[in-house]
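Trainee: Have a look at this fold, sequence not included:
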C-alpha cells in the first residue's frame, strides 16, 4: 500500500513538473554568413548632391546606409486632387516612405490621341506634392496595370484595333511608345537624378501571369482576357501559383525588355525598375527588382488558411513560387501585400488588423527587405466622360466606383482598422531597419513541416548577423478562431554563446524581440518587449519599446543587469547613459515620431514643421502626449467648439432616400462625413442624377466623405438607392453572424439611421 501511494505521489509530482516546465524551441546560427553580391545587377543612381541609391542581392542602400523601404500604393487618379496633400501627410504619419502609383492609360487617353492630365489625372501635380513632402515615388506606367480597373487600364478603343495587346506586335508597341512619350513629358525634371522624388518605375504588370477580363462581354460568355492570344488561355484572374512557364515565355521576357528600353527612350531614367515576379511572371533579368505579393483573404479564391503566416526564407523561395528568376539574386521586395482586399459582389472577405500585422511580421522575419501594400490608400474610380458608366472591372464583380480595398487608409481618407497596427512595424523599421536589412533569416529545424492548422507549436524565426538580431513570433492564422496563448523558451545557439529568451505570446498576437542589440554602446542581451522607436532626449538616446497585455517585459543587459518595468508612461529607467521606456500596446498604437519627438494621440495626425494637426471624427476634445516637452509625459488636452451639423433626410419607401446638408463654415472642422447604418445588398449614391459612389454591404455602416461634394450640396441633395439582401446571397458566410438578418419575411432592406459627423481639427505646436 505504501509503495502504491509513493508511486502515485511521484507520478502526480512528475505531471505537475511537466505542466510547469516550459517548452524549449531552438535556433542555430548558420556556419557561414550570407553571401551578398551586386556586380550582376545593372541598377543604381545618384542625385545632384551625390547621394546614391544602390541595389545588391539582399537590400538597397541610400547614401551607403541599408534601408528597408515601406511602400504604400495610392492611386492619385482615384482621389480628389484638392485632397492629395492631406492624404500624403497621413501616409507619411503612418510610416510610409515610398508611394507607388499606377498611371492608368484608360483614364488619360479615353479618346484615342487626346491625352488628359487635368484635375485628379494631374500626374505631375501629384508627384510635385510628393516632392514637397519628401516622399519618394515609384511610377507604374503600364501599359497594362490591372488594378481592378476596366480592362486593366487598357482603353476601350484599343480592343477595336487589329493587334495583339501585351505582345511584341509592332502596331501595339507603336501605340505604347506614344503613351510612354506622353508620360515622360509629365515626369520631366522630377527624377531622383534631378533632385526629384521618382526613384523607381514599373513597366507592365504580371506579364504572362495574370490578366483582366475585357470589359465588353455578355452574360454566360467565357471571359475574354487582356492577354496576347498565345497566352489567353493561361492568364489567371488574380494572383496565385503557376507551375509552368507561359507559352512563348521568351517573347514575354523580350516584351519586358522592350518596354523598359522604350521607357528610357521617353526619358524615364530612374535608379531602379521593378517587375511583378510572382507565379512565373516575366521579369527583366538583372535590370529590375522582381517584386512579390501575398494575400491572406483573396477574393478570387475560396476561403482557406493561407501559408502566408508561416515563416520561410523568401530569399530562397518567393511566395507564389515557382518564379522565373532566382530569388537569391535580388532583394526580397514584397511590394503587393494584402493588408486589405477589395470586395466583389459574390465574395466579401473581411481582413482583420491582426491578420495584416501578422502577415508583415512573418514576411519581415522571412527575409523581406522591402515591404509594400496594395492598397495602402483606397479611392474611388472616376467615371469615363464618354458615358460607359464606370471604370471598375465589372466582369470581375467589382463595385462600379468604390475601391476602398479595406486599406489602412480608406476610400475617404479615414484610418482603416490596421493603420496603427502596421505603424508599429514601420516605426521599428525607421529606426532599426538599417540594422535589420543586412541580417539573414534563420529558421528552426523542421520549419517546412509546419502547417497552418498547427496551433500547438510556436511559429518563430530570427534575422541575425554577427550574433545580433531580432526574433520574430506569430500567433495568428487567417481563417482560424481557435488559437490559444503560447509560452516557451527560445534558445539561440549563436557562434560565441547561447541565449535563452522566455516567450509569452498571447492569442492572435505577433511580436519582434531583440537580442544582442547595441543600444548606443550598451549591449541589450535580450528583451521581451518590442522595439518601437528611438529619439534624442536632451542629447541622450531614449529608446521606446512596448509590450502587449499579458506579456511581462524584461530587459537583460550584458553583465546581467536586469529591469522588469510595468508598461506605461512611468516605466522609464536609465542605464549607463541611455533611457528606456516601455509603453503599453495601446499607447504604442497611438504613438508616432513627429519632428524628432514622440507624439501619443488617439487621433489621425497630419505632421507640420512646428507641430501637427490632429483629426478626430465626432470628438471635439482630444488628449495627447508630446515628449520631450516641459510637461514631460503629462497628458495634455485640447478642445474646440462643438458643431451640430444641419441636414435633412427624406425617405421614399424602404429603398430610397435623399440627404441634404447645409453648408457650415467652421474652421475647427476638417470635413463632414455622412454615416448610414443600413442592412441591404448593394448601396448606391447619386448626385445630380449621376452615380457617384457605391458599396457592397459587409455589416458596417457606410461612411462617406462629403468634402468632394461641397459645391454640389449647395444646390442638390445626395440621393440613395439600396438593394435588398436575399437569403440565398452567395456571400452571407463572409459576413459577421450578428450582421446577417432574419429572412423569415423574405429579403431585407432597412435604413436604420443617418447622421452627419464633423471631423474636428486641432492644431498643436511643439
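Mentor: Yep, it's here. Bear in mind that the values here come from a model prediction, so they are computed numbers and not experimental data.
Trainee: Quick check: buried residues in stretch 532-540?
Mentor: 532, 533, 534, 535, 537 (16 or more other Cβ atoms under 10 Å). Placement of C-beta: from N, CA and C, glycine included.
Trainee: Check what contacts that stretch and list those residues.
Mentor: Outside stretch 532-540, the residues that touch it by Cβ atoms under 8 Å, 6 or more residues apart in numbering are 424, 427-428, 430-432, 541-546, 577-579, 583, 588, 591, 593, 596-598, 627-628.
Trainee: of the residues you listed, buried ones?
Mentor: Here, 16+ other Cβ under 10 Å leaves 424, 427-428, 430-432, 541-546, 578-579, 583, 588, 591, 593, 597-598, 627-628 buried among the contacts of stretch 532-540.
Trainee: In strands, which of those appear?
Mentor: Judged by DSSP state E, these include 541-546, 578-579, 583, 591, 593, 597-598, 627 as members of strands.
Trainee: Would you point out the most distant pair within those residues?
Mentor: 578 and 591 (18.7 Å; Cβ to Cβ).
Trainee: dump the residue contacts of residue 622.
Mentor: Taking Cβ under 8 Å, 6+ apart, one finds 601, 602, 603, 614, 616, 637, 638, 639, 760, 762 in contact with residue 622.
Trainee: repeat that for 7 Å
Mentor: 601, 603, 614, 616, 638, 762 (Cβ atoms under 7 Å, 6 or more residues apart in numbering).
Trainee: OK, contacts around the first one?
Mentor: The contact partners of residue 601, taken as Cβ under 7 Å, 6+ apart, are 590, 614, 622, 624.
Trainee: mind redoing it with 8 Å?
Mentor: Residue 601 neighbours (Cβ under 8 Å, 6+ apart): 590, 614, 622, 623, 624, 625.
Trainee: List just the nearest of those to residue 323.
Mentor: residue 590 (39.5 Å).
Trainee: Torsion angles phi and psi at that closest one?
Mentor: As for residue 590, its main-chain torsions (degrees, to the nearest 10) stand at phi -90, psi 10.
Trainee: do residue 88 as well
Mentor: phi -60, psi -40.
Trainee: And for the residue nearest to it when sequence neighbours are not counted, the neighbour number?
Mentor: Nearest non-adjacent residue to residue 88, counting by Cβ to Cβ, 6 or more residues apart in numbering: residue 133, 5.3 Å away. Look at residue 133: counted by other Cβ atoms under 10 Å, it has 14 neighbours.
Trainee: Just list the residues touching residue 133, thanks.
Mentor: 85, 88, 89, 92.
Trainee: So what's the residue count around the third one?
Mentor: Residues within reach of residue 89, counting by other Cβ under 10 Å, total 20.
Trainee: Run through the helices of this structure in chain order.
Mentor: Here the chain has its helices, by DSSP state H, at 2-20, 84-93, 105-108, 123-132, 156-159, 170-187, 249-265, 353-365, 419-436, 585-589, 710-713.
Trainee: Could you export those helices as CSV, including mean pLDDT?
Mentor: CSV is the format used below for the helices of the chain (pLDDT from 0 to 100):
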stretch, mean pLDDT
helix 2-20, 42
helix 84-93, 98
helix 105-108, 95
helix 123-132, 98
helix 156-159, 93
helix 170-187, 98
helix 249-265, 97
helix 353-365, 98
helix 419-436, 98
helix 585-589, 98
helix 710-713, 96
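Trainee: Residue 708 touches residue 81, doesn't it?
Mentor: No. Taking contacts as Cβ atoms under 8 Å, residue 708 lies outside contact range of residue 81: 10.1 Å.
Trainee: So the two - more neighbours on which side?
Mentor: residue 708 (20 against 16).
Trainee: Can you tell me the closest non-neighbouring residue to the more buried one?
Mentor: Ranked by Cβ to Cβ, 6+ apart and with sequence neighbours excluded, the top spatial neighbour of residue 708 is residue 80, at 4.7 Å.
Trainee: I'd say that neighbour and residue 707 touch.
Mentor: Yes. In terms of Cβ under 8 Å, residue 80 counts as a neighbour of residue 707; the distance is 7.5 Å.
Trainee: who has more neighbours, the two?
Mentor: residue 80 (19 against 16).
Trainee: Report the contact partners of that one.
Mentor: Here residue 80 is in contact with 120, 707, 708 (criterion: Cβ under 8 Å, 6+ apart).
Trainee: Then residue 74?
Mentor: Here residue 74 is in contact with 87, 88, 91, 99, 100, 101, 375, 376, 377, 379 (Cβ under 8 Å, 6+ apart).
Trainee: Going by distance to residue 246, which of the residues you listed wins?
Mentor: Among these, and counting by Cβ to Cβ, the member closest to residue 246 is residue 100, at 24.6 Å.
Trainee: What sits closest to the closest one if chain neighbours are left out?
Mentor: residue 138 (4.1 Å).
Trainee: Repeat that for residue 398.
Mentor: Nearest to residue 398 is residue 392, by Cβ to Cβ, 6+ apart, at 4.1 Å.
Trainee: what's the neighbour count on the one you found?
Mentor: The burial count for residue 392: 24, using other Cβ under 10 Å.
Trainee: Narrow the contacts of residue 601 to those that are buried.
Mentor: Buried among the contacts of residue 601 by 16+ other Cβ under 10 Å: 590, 614, 622, 624, 625.
Trainee: State the pLDDT value of the spatially most central residue of the chain.
Mentor: Nearest to the mean C-alpha position of the chain, by Cα atoms, centre = their mean, lies residue 373 at 3.0 Å. Each residue has a pLDDT score; the one for residue 373 is 98.
Trainee: partner residues bridging residue 505?
Mentor: residue 486 (DSSP bridges).
Trainee: so who does it touch?
Mentor: 458, 473, 475, 485, 486, 487, 511, 551.
Trainee: Of those residues - the most surrounded one?
Mentor: Highest count within these by other Cβ under 10 Å belongs to residue 473, 28 neighbours.
Trainee: For residue 546, see how far away that one is.
Mentor: As defined by Cβ to Cβ, to the nearest Å, residue 473 lies at a distance of 14 Å from residue 546.
Trainee: And for residue 666, the neighbour number?
Mentor: 15.
Trainee: does residue 736 really touch residue 348, like I thought?
Mentor: No. Contact criterion Cβ under 8 Å: residue 736 and residue 348 do not qualify, at 10.7 Å.
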